[in-house]
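Chemist: Structure of the sequence below:
(2 chains)
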There are 2 protein chains.
Amino acid sequence: MNVGIVGLGLIGGSLGLDLLALDANNYVWGISRNPETCKQAQAIASVNIASTNIADIPDRILDQTDIVVICTPIAAILPTIIAIAPKLGSNVIFTDVGSVKAAIVEPASKICQQYNQRFVGSHPMAGTAFQGILAAERNLFHNRPCVVTPNVDREAFEQAFEKVRSLWQSVGMNVYECSPEAHDRAVAMISHAPVIISASLVASCQQEDEDSILKLAQNLASSGFRDTSRVGGGNPELGRLMAEYNQSAILRSLYTYQQSLQKTIGLIEQKQWEELETFLANTQRDRNFYLD
Amino acid sequence: MNVGIVGLGLIGGSLGLDLLALDANNYVWGISRNPETCKQAQAIASVNIASTNIADIPDRILDQTDIVVICTPIAAILPTIIAIAPKLGSNVIFTDVGSVKAAIVEPASKICQQYNQRFVGSHPMAGTAFQGILAAERNLFHNRPCVVTPNVDREAFEQAFEKVRSLWQSVGMNVYECSPEAHDRAVAMISHAPVIISASLVASCQQEDEDSILKLAQNLASSGFRDTSRVGGGNPELGRLMAEYNQSAILRSLYTYQQSLQKTIGLIEQKQWEELETFLANTQRDRNFYLD
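Modeler: So this is what the prediction gives:
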């Protein structure tokens, strides 16, 4: 398989590492904005060849490309496809790794159609606390879930869909298939809304106006607070992009959350202690459905 | 020091282990409802002697008692003091390990005063995911925070307060002193409210009425969801007791939280993406104040 990877960070870099290590027939070319990153990606054998400019990749290589994986931040996905699609032959398949799908899949598909190319959205859910090509590692994707979202015109895209599915399966991912909208709603629930819920906890603690109590709270905070607030202390740009590109689904999740929270607060206000214990026993049980 | 421990679970059992291991002059007697627990506590050298009935502890031992530490669940603290205070001499100091203080300290002090005994509230913040005497371990308290709440009449309690402080410091704890009310507000912020916030996340996800999306969310949930929901999946009885015995402080924290959350949701509704990114950058920075 001949694979182009645009954006050589943790995800793109790790994908290249696995593809080249797993099958000697694979060929990987890469694009990064940073010439240093291109050198590093070649040095660690994450790509066979890399450049800041697609014009530097020989035509004989581009012409044989099966799949191009856009591994840039969400906001750069569409501009990247617009820039490189004209340089690639017809029948090339594009996919991405963005954590939102509806806002990407429809416009990306339209761009690709102009060149008789196909777009199939992907969201490989893997990562570490680190970023950049130097954080790339083997087996990052192993046994992790990946959502692949077929275009509405499932039949015309059958072959493209199967190729993208194979790509992620070849690096060990468990592939789920669903519509871009279903993906966005599911991910809003378990990944995007928790960022807002968690960040608001930190913000609300900081509202304490008695300095001695605020200091005491900061001194006493331990693993429970650390875990509940963790995703709220993550990358602010990523959090903003999740909300920006998945606005309606994240709001939907947050409104449902507000209702659940209000109901629980009501139990405490009304001193319905038995009901509160039952509620907590249910969440204790139901949480297991979300764990591996 | 002669110490009585009532309730030989993880906390009581671990305290006894450290006291006996650290100083050959210490003597520890224990009380548990369960005869098997008494045997186990003696077998692991967590106590010198233990029984289900304080009448079985020889008078010459009870008479020399300096401190009695009540390590039962919150709801049993006052009934336990009522039951055993008459069996102990005047000048004995009582303390506890409950995670709420205002609801305990005032009534407990009154009971002890009847017998010319002293009560000083404690909240050693240490634990593991396990419970029971067989989970007891050495150094559980090392370098962990412990709040000690002096009675309003600080002067009359000076000696008692210093003895309780020494007890916790002898097992390595960092002791903080504050009023029961300040303790309850700080702990509501960083420990009790997060349980409700976290549990409501699980409950709101379970509200999803499209079965395929619910299943997908459950399959895709990973470390972010696991951490944010962790304390909401904890012991339901403990969560209920926190709310029951710390109602006003937990409600205060939850109302402040609702306001912070609503403000953040407002940023998303109004597409104020720059402001959202700034908000998330602030929570990322401020969260560090709560970490070790």
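Chemist: Please count neighbours and contacts with C-alpha atoms only from this point.
Modeler: Will do.
Chemist: C-alpha coordinates for the helix or strand where A:Leu78 lies, PDB please?
Modeler: Under the assignment given by DSSP states H and E, the secondary-structure element containing A:Leu78 is helix A:77-84. Taking Å, rounded to 0.1, in the frame of the first residue of the first chain, the C-alpha atoms of helix A:77-84 are listed here in PDB:
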ATOM      1  CA  ILE A  77      -8.200  19.500   7.300                       C
ATOM      2  CA  LEU A  78     -10.300  21.200   4.600                       C
ATOM      3  CA  PRO A  79      -7.700  23.700   3.500                       C
ATOM      4  CA  THR A  80      -5.100  20.900   3.300                       C
ATOM      5  CA  ILE A  81      -7.400  18.800   1.100                       C
ATOM      6  CA  ILE A  82      -8.100  21.800  -1.200                       C
ATOM      7  CA  ALA A  83      -4.300  22.400  -1.500                       C
ATOM      8  CA  ILE A  84      -3.200  18.800  -2.300                       C
END
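Chemist: Flag every buried residue along it.
Modeler: For helix A:77-84, the buried set under the neighbour-count rule, 16 or more other C-alpha atoms under 10 Å in any protein chain shown, comprises A:Ile77, A:Leu78, A:Ile81.
Chemist: and if you look at stretch A:98-111?
Modeler: Of the residues in stretch A:98-111, A:Gly98, A:Ser99, A:Val100, A:Lys101, A:Ala102, A:Ala103, A:Ile104, A:Val105, A:Glu106, A:Ala108, A:Ser109, A:Ile111 count as buried by neighbour count, 16+ other C-alpha under 10 Å.
Chemist: Does stretch A:206-219 reach chain B?
Modeler: Yes - for stretch A:206-219, a contact with chain B is found by C-alpha under 8 Å from any C-alpha of the partner chain, at A:Gln206, A:Gln207, A:Ile213, A:Leu214, A:Leu216, A:Ala217, A:Gln218, A:Asn219.
Chemist: Wait, the fifth one touches B:Ala186, no?
Modeler: Meaning A:Leu216. Yes - taking contacts as C-alpha atoms under 8 Å, A:Leu216 lies within contact range of B:Ala186: 6.3 Å.
Chemist: higher neighbour count, these two?
Modeler: The residue with more neighbours, out of A:Leu216 and B:Ala186 and counting by other C-alpha atoms under 10 Å in any protein chain shown, is B:Ala186; that gives 26 against 21.
Chemist: outside of the helix or strand where A:Ile111 lies, which residues touch it?
Modeler: Secondary structure here is read from DSSP H and E; on that basis A:Ile111 sits in helix A:102-113. For helix A:102-113, contacts defined as C-alpha atoms under 8 Å, 6 or more residues apart in numbering or on different chains pick out A:77-78, A:81-82, A:85, A:94, A:118-121, A:151, A:180-181, A:184, A:245-246.
Chemist: switch the cut-off to 7 Å
Modeler: The list of residues contacting helix A:102-113 from outside it, by C-alpha atoms under 7 Å, 6 or more residues apart in numbering or on different chains, reads A:Leu78, A:Ile82, A:Ala85, A:Arg118, A:Phe119, A:Gly121, A:Pro180, A:Glu181, A:Asp184, A:Tyr245.
Chemist: For A:Gly4, grab phi and psi.
Modeler: When quoted as degrees, to the nearest 10, the phi and psi of A:Gly4 stand at phi -100, psi 140.
Chemist: mind checking pLDDT for it?
Modeler: Per-residue confidence for A:Gly4 comes out at a pLDDT of 98.
Chemist: For beta bridges, what are the partners of it?
Modeler: A:Trp29, A:Val68 (DSSP bridges).
Chemist: Tell me how far it lies from A:Val120.
Modeler: Distance check for A:Gly4 against A:Val120: by C-alpha to C-alpha, to the nearest Å, it reads 15 Å.
Chemist: ok, the following helix or strand past the helix holding A:Ile111: who's next to it in the sheet?
Modeler: Using DSSP H and E, the next helix or strand after helix A:102-113 towards the C-terminus is strand A:118-119. The sheet places strand A:118-119 alongside strand A:93-96 (parallel), with pairing taken from DSSP bridges.
Chemist: what residues does the strand it pairs with touch?
Modeler: Identification of contacts with strand A:93-96 by C-alpha under 7 Å, 6+ apart yields A:66-71, A:117-122, A:160.
Chemist: If we use 6 Å, what do you get?
Modeler: A:Ile67, A:Val68, A:Val69, A:Ile70, A:Cys71, A:Gln117, A:Arg118, A:Phe119, A:Val120, A:Gly121, A:Ser122 (C-alpha atoms under 6 Å, 6 or more residues apart in numbering or on different chains).
Chemist: can you check stretch A:128-136 too?
Modeler: Outside of stretch A:128-136, the residues that reach it under the criterion C-alpha under 6 Å, 6+ apart are A:Leu8, A:Gly9, A:Leu10, A:Gly13, A:Ser14.
Chemist: The same query, at a cut-off of 8 Å, please.
Modeler: Outside of stretch A:128-136, the residues within contact range by C-alpha under 8 Å, 6+ apart are A:Leu8, A:Gly9, A:Leu10, A:Ile11, A:Gly12, A:Gly13, A:Ser14, A:Leu17, A:Thr37, A:Gln40, A:Ala41.
Chemist: same deal with stretch A:228-239?
Modeler: For stretch A:228-239, the surrounding residues in contact (C-alpha under 8 Å, 6+ apart) are A:192, A:194-202, B:194, B:198, B:224, B:227-231, B:277-278, B:280-281, B:283-285, B:287.
Chemist: Any buried residues in that stretch, and which?
Modeler: Of the residues in stretch A:228-239, those buried under the neighbour-count criterion (16+ other C-alpha under 10 Å) are A:Thr228, A:Ser229, A:Arg230, A:Val231, A:Gly232, A:Gly233, A:Gly234, A:Pro236, A:Glu237, A:Leu238, A:Gly239.
Chemist: Break chain A down into its structural domains.
Modeler: Here chain A is described, according to automatic domain parsing, as comprising the domains A:2-178, A:182-290.
Chemist: Could you identify which of those domains is most buried?
Modeler: domain A:182-290 (a mean of 21; mean count of other C-alpha atoms under 10 Å in any protein chain shown).
Chemist: what about that one, how long is it end to end?
Modeler: Using C-alpha to C-alpha, first and last residues of domain A:182-290 are 17 Å apart.
Chemist: pLDDT of it, averaged?
Modeler: Mean pLDDT, taken over the full extent of domain A:182-290, equals 97.
Chemist: how close does A:Pro107 sit to chain B?
Modeler: When C-alpha to the nearest C-alpha, to the nearest Å is applied, the distance between A:Pro107 and chain B equals 21 Å.
Chemist: Repeat that for A:Glu36.
Modeler: Between A:Glu36 and chain B the computed distance is 28 Å (C-alpha to the nearest C-alpha).
Chemist: Per-residue pLDDT of that residue, please?
Modeler: pLDDT recorded at A:Glu36 is 98.
Chemist: so which strand or helix has it?
Modeler: Taking DSSP H and E as the criterion, A:Glu36 maps to helix A:35-43.
Chemist: Just after that helix, pick out the following helix or strand.
Modeler: Next in sequence after helix A:35-43, counting helices and strands by DSSP H and E, comes strand A:49-51.
Chemist: Give me the residues contacting that following strand.
Modeler: Residues lying outside strand A:49-51 but in contact with it, judged by C-alpha under 8 Å, 6+ apart, are A:Val28, A:Trp29, A:Gly30, A:Ile31, A:Ser32, A:Pro35, A:Cys38, A:Lys39, A:Ala41, A:Gln42, A:Ile57.
Chemist: Is chain B within reach of the helix or strand where A:Tyr255 lies?
Modeler: Using DSSP H and E, the secondary-structure element containing A:Tyr255 is helix A:247-269. Yes - when contact is scored as C-alpha under 8 Å from any C-alpha, part of helix A:247-269 falls within range of chain B: A:247, A:251, A:253-254, A:256-261, A:264-265, A:268-269.
Chemist: For A:Pro180, what are phi and psi?
Modeler: Given degrees, to the nearest 10, the pair of backbone angles that A:Pro180 has is phi -50, psi -40.
Chemist: and whatever helix or strand A:Val147 lives in, what other elements does it pack with?
Modeler: Assessed by DSSP H and E, A:Val147 sits inside strand A:145-149. Applying 3 or more C-alpha pairs under 8 Å, 6 or more residues apart in numbering or on different chains; DSSP states H and E, one finds that strand A:145-149 contacts strand A:121-124, helix A:158-170, strand A:174-177, helix A:180-187.
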